[in-house]
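following is a predicted model, sequence given first.
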Amino acid sequence: MAFTRQDVDYIAKLARITLSDDEQKNFTRQLDSILEYVNKLNELDTDSVEPTAHILPVQNVFREDEVKPCADSKLAVEQSPELRDGLFIVPPVIE
Amino acid sequence: MEFEPVIGLEVHVQLNTKSKLFCSCATVFGAEPNTQVCPVCLGHPGVLPVMNRKALEYAVLCGLALNCSISRFSKFDRKNYFYPDLPKNYQVSQFDKPFCYNGFVTIHVDGKDKRIGVTRAHLEEDAGKLLHSDAGAGSGVDFNRTGIPLLEIVSEPDISSPEEAYAYLTALKSIIGYLDISDCNMEEGSLRCDANVSIRPKGQKEFGVKAEIKNMNSFRGVLKAVSYEIDRQTEVLLCGGKVVQETRLWDADKNMTFSMRSKEEAHDYRYFPEPDLVPVVLTEANIEEIRKYLPELPSARMKRFVMDYGITEYDAEVLTGDKKLADYYEDCTRLFNDYKSISNWIQSELLRELNDRKLPVTASSVCPKKLTDMLRLIQNGTISGKIAKTVFAQMFETGKDADTIIKEKGLVQISDPDELKKIIADVIDSNGSIVDDYKGGKEKSFMFLVGQVMKATKGKANPQVVNQMLKDAIG
Ligand SMILES: [Zn+2]
């Protein structure tokens, strides 16, 4: 199983990033070797192993349905590059 | 060639928890933009979401009401995509381990019961709201809605007509209303529905190519959009064309669906387990604990109404479609024993006044006690059924009880023969020829004379007494 340049292109597009020619070549080589390494797992028989849903042996963590206003709410909103009338401004979205 | 439609619906229901799914922000509708947000729902780095216990209970409760199996093991997954209303660039949803699966909803169409399968019901977080401003100025985003719990209910493609789609939505809304877990208001967006529509030659097993229809904002809209789409696809196939798999938007003004014509980009959501949230494991005991909160559901209540109150299946269906209306009816039945009459008055007068003012039954100024007190006044002859309609309208308008209105307006029915004697004699005297007609066998003339007495008493005379006295006088 070889990882191709087309695969890198596709992932870059999904991630909305532009890669230079060199980067494309580099990532293709690096990702290919990483995947080859992970592929070793396929040599094991995992039929009787449950897929891991979470790495911690913890389950059922809940909070009660109570409203607690956030003290940092305003500060969090103000991190926006552009605000107008309390709204986050983004490039126009045409539907 | 004859075609048959294959329809599946995806319904998103906003759960009415007080706080959001993974943070403690409020969920109140209509707050100032971005005032019910925090670093968690804004997707800031390093924050830790924690699940709302109530949202889990609501999801399981709804699953049980939809006859679903409940997963003993569930987890959340990230659904990755970019859109400005999604601050994290992924939505926390459920991929392969939803809370509920394999259920059904029974619908009632053309006098027949039909089961519509429910593939799954899973929890996910709502996105923000995009507000499109003037051209070129950019779009505004309000994240107050971000993170409000949504239950997505996916049906099997078991629906075979627009009417069945409508019936399914109505049944679903009614059930969810009984559970009191959502406002289910399509106009306000607390219930949203997308439809997958395809057609295939009658008898063929394989599905045709489907279109996904979005942007309907009422149950009627779904009915019309699905009908339109079936006609459109039929025409395409009959003209030798091919249906394209695409997303289409319903335009309620033009009564048409339009292709979204978005860039041909296959969605690749790259679901993977959400590492910030731990799995949910439910035991039989946990599920049974939640089952205790399952109320009597609409279909069971409908059947019970027919049995207990002797009303028709149709009447029972109208009364039990809305839990609050059914509660109102049952409150009345505890106060008055003419169940049929209560049903009639609720369905004609009460519902008309409520619908005219777009009010829920809980906001009725005429409570069950006031309504049944008035019905008792009809039963004991104090007012006639006809006058009662005027009294009821006044009661609804002013909030006063029937007794007060009857006294204020002098509407008490005249049943005293002494009081009616003179009026009847006058009517007979001044309508000599009509009295003769009646005596000559013209039955209709009698009703005219009754009418004259009613007119002279401004509708207050007791019709039974007038009938009897007139018959005695001229019969
Ligand atoms: Zn929040």
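It's in.

just the helices in the stretch 301-450 of chain B please.
Assigned by DSSP state H, counting those that start in this stretch, the stretch 301-450 of chain B shows helices spanning B:313-320, B:323-333, B:339-345, B:351-356, B:368-379, B:385-398, B:402-409, B:417-430, B:432-439, B:444-456.

just give me the longest helix of the chain.
Because you didn't say which chain, this covers chain A. helix A:21-38 (DSSP state H).

chain B was what I was after
Determined from DSSP H, the single longest helix within chain B is helix B:219-238.

could you point out the helix or strand that follows that one?
strand B:246-251 (DSSP states H and E).

ok, back up a step: now for the helices of the stretch 301-450 of chain B, which one comes closest to residue B:190?
helix B:323-333 (16.3 Å; CB to CB). Placement of C-beta: from N, CA and C, glycine included.

centre of the chain to that closest one, how far?
16 Å (CA atoms, centre = their mean, to the nearest Å).

follow-up on the earlier one: in a markdown table: the helices of the stretch 301-450 of chain B, plus distance to chain A and mean neighbour count.
Output for those, formatted as a markdown table (distance: least, CB to the nearest CB, whole Å; neighbours: other CB atoms under 10 Å in any protein chain shown):
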| stretch | distance to chain A | mean neighbour count |
| --- | --- | --- |
| helix B:313-320 | 29 | 20 |
| helix B:323-333 | 21 | 20 |
| helix B:339-345 | 37 | 19 |
| helix B:351-356 | 31 | 14 |
| helix B:368-379 | 32 | 20 |
| helix B:385-398 | 36 | 18 |
| helix B:402-409 | 43 | 16 |
| helix B:417-430 | 64 | 14 |
| helix B:432-439 | 72 | 14 |
| helix B:444-456 | 60 | 16 |
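
make a markdown table out of the ones you listed and add mean pLDDT.
Shown next, in a markdown table, are those (pLDDT from 0 to 100):
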| stretch | mean pLDDT |
| --- | --- |
| helix B:313-320 | 94 |
| helix B:323-333 | 97 |
| helix B:339-345 | 97 |
| helix B:351-356 | 95 |
| helix B:368-379 | 95 |
| helix B:385-398 | 92 |
| helix B:402-409 | 89 |
| helix B:417-430 | 88 |
| helix B:432-439 | 88 |
| helix B:444-456 | 88 |
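
make JSON lines out of those helices and add distance to the ion.
Listed next are those as JSON lines, based on distance: least, CB to the ion, whole Å:
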{"stretch": "helix B:313-320", "distance to the ion": "38"}
{"stretch": "helix B:323-333", "distance to the ion": "31"}
{"stretch": "helix B:339-345", "distance to the ion": "47"}
{"stretch": "helix B:351-356", "distance to the ion": "37"}
{"stretch": "helix B:368-379", "distance to the ion": "41"}
{"stretch": "helix B:385-398", "distance to the ion": "43"}
{"stretch": "helix B:402-409", "distance to the ion": "51"}
{"stretch": "helix B:417-430", "distance to the ion": "72"}
{"stretch": "helix B:432-439", "distance to the ion": "80"}
{"stretch": "helix B:444-456", "distance to the ion": "67"}
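
can I get those in a markdown table with distance to residue B:462?
Output for the helices of the stretch 301-450 of chain B, formatted as a markdown table (distance: least, CB to CB, whole Å):
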| stretch | distance to residue B:462 |
| --- | --- |
| helix B:313-320 | 28 |
| helix B:323-333 | 25 |
| helix B:339-345 | 18 |
| helix B:351-356 | 26 |
| helix B:368-379 | 11 |
| helix B:385-398 | 10 |
| helix B:402-409 | 14 |
| helix B:417-430 | 8 |
| helix B:432-439 | 21 |
| helix B:444-456 | 10 |
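
out of the ones you listed, nearest to residue A:3?
Of the helices of the stretch 301-450 of chain B, nearest to residue A:3 by CB to CB is helix B:323-333, at 57.0 Å.

what comes into contact with that closest one?
B:174, B:177-178, B:180, B:295, B:298, B:301, B:305, B:309, B:319-320, B:339, B:342-343, B:346, B:360-362, B:364, B:368, B:371-372 (CB atoms under 8 Å, 6 or more residues apart in numbering or on different chains).

pretty sure residue B:74 sits against residue B:97.
Yes - when contacts are counted by CB atoms under 8 Å, residue B:74 is listed as touching residue B:97 (4.7 Å).

more neighbours, the two?
Remark: of residue B:74 and residue B:97, residue B:74 carries more neighbours, 23 against 20, as counted by other CB atoms under 10 Å in any protein chain shown.

quick check: pLDDT value at that one.
Residue B:74 is assigned 97 on the pLDDT scale.

if I look at it, how far off is residue B:173?
25 Å (CB to CB, to the nearest Å).

how far does the top strand by length along chain B sit from its chain's centre?
Ranked by residue count and defined by DSSP state E, the top strand of chain B is strand B:112-125. On the basis of CA atoms, centre = their mean, strand B:112-125 sits 17 Å off its chain's mean C-alpha point.

which elements pack onto that strand?
The helices and strands touching strand B:112-125, judged by 3 or more CB pairs under 8 Å, 6 or more residues apart in numbering or on different chains; DSSP states H and E, are helix B:53-65, strand B:90-93, strand B:100-109, strand B:149-155, helix B:162-179.

from the chain's centre, how far out does the fourth one sit?
Here strand B:149-155 shows a centroid-to-chain-centroid distance of 17 Å under the convention CA atoms, centre = their mean.

can you spell out which helices and strands pack onto it?
Counting contacts by 3+ CB pairs under 8 Å, 6+ apart, strand B:149-155 packs against strand B:3-14, helix B:53-65, strand B:112-125.

any chance of these in JSON lines, with distance to the ion too?
JSON lines is the format used below for the helices and strands packed on strand B:149-155 (distance: least, CB to the ion, whole Å):
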{"stretch": "strand B:3-14", "distance to the ion": "16"}
{"stretch": "helix B:53-65", "distance to the ion": "14"}
{"stretch": "strand B:112-125", "distance to the ion": "10"}
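
most tightly packed of those?
Of all the helices and strands packed on strand B:149-155, helix B:53-65 has the most neighbours on average by mean count of other CB atoms under 10 Å in any protein chain shown, namely a mean of 23.

and the angle for that one with strand B:100-109?
Note on geometry: by axes from the mean of the first three to the mean of the last three CA atoms, to 10 degrees, helix B:53-65 and strand B:100-109 are set 50 degrees apart in direction.

please save the CA atoms from helix B:53-65 in CSV.
The C-alpha trace of helix B:53-65 is given here as CSV (Å, rounded to 0.1, in the frame of the first residue of the first chain):
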residue,chain,number,x,y,z
ARG,B,53,-27.2,14.2,32.0
LYS,B,54,-30.7,15.4,31.1
ALA,B,55,-30.0,15.3,27.4
LEU,B,56,-29.0,11.7,27.7
GLU,B,57,-32.3,10.9,29.7
TYR,B,58,-34.3,12.7,27.0
ALA,B,59,-32.6,10.9,24.2
VAL,B,60,-33.2,7.5,25.8
LEU,B,61,-36.8,8.4,26.8
CYS,B,62,-37.5,9.4,23.2
GLY,B,63,-35.9,6.2,21.9
LEU,B,64,-38.2,4.1,24.2
ALA,B,65,-41.3,6.0,23.0
